[in-house]
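**Q** let me see the structure of the following:
(one chain, ligands or ions: 2)
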Amino acid sequence: MPEKEPILVALNPSPILDLMERTLRAAGFDVAIAHDHSGLERCVQETIPVLLIIGEKFADQDGLSVSSNLLLRFPTLPIILYADRDSIELVKAVLKRGLSGYLYPPLKMQDIVDEVQKNLTRARQLGDWVRREVKRTTSSLSEKAAISEAERGKLEAIIANIQDGVIVIDDNQKILLVNRSVCDVFSLNEKEIAGKFLADIIPNADLKNMLHLSSKSPLKNHEINFEDGRVFNAQYTPIPKIGAAVTIQDISYLKQLDRLKNDFIYTVSHDLRSPLTSILGYAELIERIGPLNQNQQDFLRRLQGSTQHITNLVNDLLDLGSLEAGFDTLRETVQLENVLKNSLDMFDAQIKKKNINLSSHIETSLKPIFANPIRIRQMVDNLVGNALKYTPDYGDVQTILLMQDSQIILKVQDSGPGIPPQEQSHVFDKFYRATNAPDGVRGSGLGLAIVKSVVESHQGRVWVEANAEKGSLFIVILPTMD
Ligand code: ATP
Ligand code: MG
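**A** Ligands and ions are numbered 1, 2, ... in the order given. Below is the predicted model:
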């Protein structure tokens, strides 16, 4: 079937050109003639011919080179070379350059039509194949796009319906995504908050603190307290190239249970204190009312030791109870360096007995803190006491006191066994003892819980950095008085 687009003939004026034009027109083709190179370029660009017949010599150019250049730009254009004579070199050159066919004299009209038809059919088949392939590729691409769209939909549905609150923020802590649970809990409108700072949308000191600390500290779980009494557990997970995901769970009911459990423990502790005092008192009296034999004295010492241990435990529990209930209100000017020096003096005998190499660096002109001196001493005693208790004989213990901005920093470092990383967040829990605590080193797991309560009731922070090679480093930061 004749083509709408023309067949372009680029031959020098000659009887052959006339013959070709006539023959093609007679066969029903549209024909365009190019007389020189610029005419050829124009025709190729503007009319987009279905086929090109070009002379071996065209204008002052080499037809083969012109064809090669055209094929670089229009790889599917069928090109027939017309040569003055048949030769094996010509066939080789045509094949090498990727032309579709060639003609040479003597030419019959039917030869021209047959060659053109053959090349057009081949070009059409090629075009059909390309179109089919493109269609196949695009349909597989759209299938893939549909699948990823479906996956995205599924993922969105999961995030939206997840019970925990999910917040995704960018590196500048601006909100990228929040799920329905977060919107319900904080009465937010999902559409209005995208792109805003998380700390502005949910104004909360604990949350702000977590965002500030999390980029530096490896601590994953944080407690977020709200004024209305709700408590959330929040996890901060950095996401490379995006920012971070914050997931939150409402743990108010667990806190309530914890409070009930604590109330029970404190009541029992309180009720145990009087009978314990009386046991200790009578144990002392036994010796005074008559001589005891060696065995009796030995049993009495053990009785007193155990009773003293329970009394200490009960006292620790009562201290914790009063700290957690917010009864720690006494505040006066305290110089932390004096507290530390007194504490180290108290431990002097133990330091000597264990041959501990103690060093203490205290910066000069430290500002005072506004604190309860008894509780602060208790905190320091527990940290120094632990360092001495867990460090083996001939080990090192170092205490450091320094100022940074309006904060005072206390560091207690030792060369003991350290604390396994996965347990470091638990050692401040009540009754928690690390799994690597040396055999024979006794303790009830309350010291660090007291440390944490004391530090927090003074608006400070405490954490531990520890590993088996370097021992433990406990760091306390407390605000100083202006
Ligand atoms: P106590 O109530 O008598 O202080 P404790 O020392 O066992 O008992 P915490 O002071 O609360 O309890 O410490 C909790 C746990 O943390 C310890 O049992 C111990 O496993 C670990 N720990 C604390 N300090 C250190 C330290 N400096 N080096 C190694 N482990 C430590
Ligand atoms: Mg301890």
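
**Q** list the contacts for Val31?
**A** 6-9, 20-21, 24-25 (C-beta atoms under 8 Å, 6 or more residues apart in numbering). Quick note: C-beta positions are derived from backbone N, CA and C, even for glycine.

**Q** select only the buried ones of these in PyMOL?
**A** A single PyMOL command selects the buried members of the contacts of Val31 (16 or more other C-beta atoms under 10 Å):
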select buried, resi 6+7+8+9+20+21+24
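
**Q** tell me which of the contacts of Val31 fall in strands.
**A** Judged by DSSP state E, the subset of the contacts of Val31 located in strands is 7-9.

**Q** and which of the residues you listed is nearest Leu473?
**A** Relative to Leu473, the closest of these is Leu8; by C-beta to C-beta it sits at 84.1 Å.

**Q** what sits against the closest residue to ligand 2 within the stretch 351-482 of the chain?
**A** Residue nearest to ligand 2 within the stretch 351-482 of the chain (C-beta to the ion): Gly447, separated by 2.9 Å. Contacts for Gly447 (C-beta under 8 Å, 6+ apart) come out as 316, 382, 385-386.

**Q** any chance of CSV for the residues you listed, columns pLDDT, secondary structure and neighbour count?
**A** Formatted as CSV, the contacts of Gly447 follow (pLDDT from 0 to 100; DSSP: H, G, I helix; E, B strand; the rest coil; neighbours: other C-beta atoms under 10 Å):
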residue, pLDDT, secondary structure, neighbour count
Asp316, 88, helix, 20
Asn382, 96, helix, 23
Gly385, 96, helix, 17
Asn386, 96, helix, 22
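
**Q** now, which of those lie close to ligand 2?
**A** Of the residues in those, proximity to ligand 2 by C-beta under 5 Å from the ion holds for Asn386.

**Q** where do the helices of the stretch 251-400 of the chain begin and end?
**A** With helices called from DSSP state H, counting those that start in this stretch, the stretch 251-400 of the chain shows them at 252-288, 294-324, 336-346, 348-353, 373-390.

**Q** out of the ones you listed, which is closest to Leu155?
**A** Comparing the helices of the stretch 251-400 of the chain by C-beta to C-beta, helix 252-288 comes nearest, at 29.0 Å.

**Q** report the buried residues of the closest one.
**A** Residues of helix 252-288 classed as buried: 255, 262, 265-266, 269, 272, 276, 279-280 (neighbour count, 16+ other C-beta under 10 Å).

**Q** which one of the contacts of Gly447 sits closest to ligand 1?
**A** Within the contacts of Gly447, the smallest distance to ligand 1 is 3.4 Å, found for Asn386 (C-beta to the nearest ligand atom).

**Q** mind listing what Trp252 touches?
**A** Careful, residue 252 is Ser; it's not Trp. Ser252 touches 229-232, counting by C-beta under 8 Å, 6+ apart.

**Q** isn't Asn382 up against Ile450?
**A** Yes - shown here, Asn382 and Ile450 form a contact pair, counting by C-beta atoms under 8 Å, at 6.0 Å.

**Q** I'd say Met109 and Leu19 touch.
**A** Yes - Met109 is in contact with Leu19 according to C-beta under 8 Å; the separation is 7.4 Å.

**Q** what is the most widely separated pair among the contacts of Val31?
**A** Farthest-apart pair in these is Leu8 and Arg25; separation 13.6 Å (C-beta to C-beta).

**Q** helix, strand, or coil at Glu408?
**A** Residue 408: Ile, not Glu. Per DSSP: H, G, I helix; E, B strand; the rest coil, the secondary structure class of Ile408 is strand.
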